[in-house]
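[1] Mind looking at a prediction? Sequence and model below.
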Amino acid sequence: MSAYVLVAEDDPKQAELVRRYLCREDYTVRVVADGRSAIDEVRRQRPDLLVLDVMMPGVDGLDVCRVLRREYDLPVLMVTARASAEDKLLGFDLGADDYLTKPYDPRELMARVRSLLRRAQPPTSTSLRLGDLVLDPVRHEVRLGARQVSCTPAEFRLLTTLVAAPDQVFSRGQLVEQAYGLDGHITERTIDVHIMNLRKKIEDDPREPAYLRTVYGVGYKATDGRHG
């Protein structure tokens, strides 16, 4: 069965171009023209991937991402003319998995779509445990003791990479390559954003992390949650 891709784009010409390229690769495609419709469509029939324009009338793409991230962990590819580093980091902070700036080559869009869908395939490995932190790659679940922790797909991949190798120190460059691959379009600065967000979710005190620790001048490592 082909993957279902939802495209939220208010520019009719751009939306039609994206739709044609996606259909050429046999994806099932639906196009909506505003943020409210994107939220409603995801709730009606959850897609395998959301291609999300940022600047849309009414509810913009950032608000769409903010709302949907509370409910789903579907891959989100943001597309926008806003190309500053701050805009990109805000998108990642809200839960986007990738970020493509306009104008872009449609072939690059398709490469990123394929990459996100490939990485979203459920793995077959068993659960990972580190202290009270448990990751289930098959169910895409994170638990801290009895509490379930909601993570975006990008955060989950980063956390899995670290927890799978406890006490191993990773540079930011290594985390980009191992968690996302060379085609992941994730920067080293994005790693810092994801680490910050994960600490807010799993640490008792994000300022004094016990699970995700900084090794100054090198990068990050995962430990068993005990201070000291």
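    Sure thing, it's come through. Residues are numbered from 1 along each chain as shown.
[2] Convert the helix-or-strand element of the chain with minimal mean pLDDT to CSV, retaining C-alpha atoms only.
    Least confident helix or strand of the chain, by mean pLDDT, DSSP states H and E, is helix 85-93 with a mean of 79. Extracted in CSV, the C-alpha atoms of helix 85-93 (Å, rounded to 0.1, in the frame of the first residue of the first chain):
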residue,chain,number,x,y,z
ALA,A,85,18.3,30.2,11.3
GLU,A,86,15.9,31.4,13.9
ASP,A,87,12.9,30.4,11.8
LYS,A,88,14.3,26.9,11.2
LEU,A,89,15.1,26.4,14.9
LEU,A,90,11.6,27.5,15.8
GLY,A,91,10.2,25.0,13.4
PHE,A,92,12.3,22.2,14.9
ASP,A,93,11.4,23.3,18.4
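[3] which outside residues touch it?
    Residues outside helix 85-93 that contact it (C-beta atoms under 8 Å, 6 or more residues apart in numbering): 54, 62, 65, 78, 80, 99, 154, 187, 189-190, 193-194, 197. C-beta coordinates here come from the backbone N, C-alpha and C atoms, glycine included.
[4] Return the member of these nearest to L144.
    In terms of C-beta to C-beta, no member of these lies closer to L144 than N197, at 14.6 Å.
[5] Report the separation between H140 and R70.
    16 Å (C-beta to C-beta, to the nearest Å).
[6] okay, those two: which has more neighbours?
    Shown here are H140 and R70; by other C-beta atoms under 10 Å, H140 has more neighbours (15 against 8).
[7] Got the domain ranges for the chain?
    4-119, 128-222 (automatic domain parsing).
[8] Tell me how far the residue most central in space within the chain lies from K221.
    By C-alpha atoms, centre = their mean, the chain has its centre lying nearest to D97, at 2.9 Å. To K221, D97 is 24 Å away according to C-beta to C-beta.
[9] buried set for the helix or strand hosting R30?
    Element membership of R30 [criterion: DSSP states H and E] is strand 28-32. Within strand 28-32, the residues scored as buried using 16 or more other C-beta atoms under 10 Å are 29-32.
[10] ditto for stretch 207-225
    Neighbour-count burial for stretch 207-225 [16+ other C-beta under 10 Å]: 209-213, 219-223, 225.
[11] What of stretch 108-117?
    Taking 16+ other C-beta under 10 Å as the criterion, stretch 108-117 shows 109-110, 112-113, 115-117 as buried.
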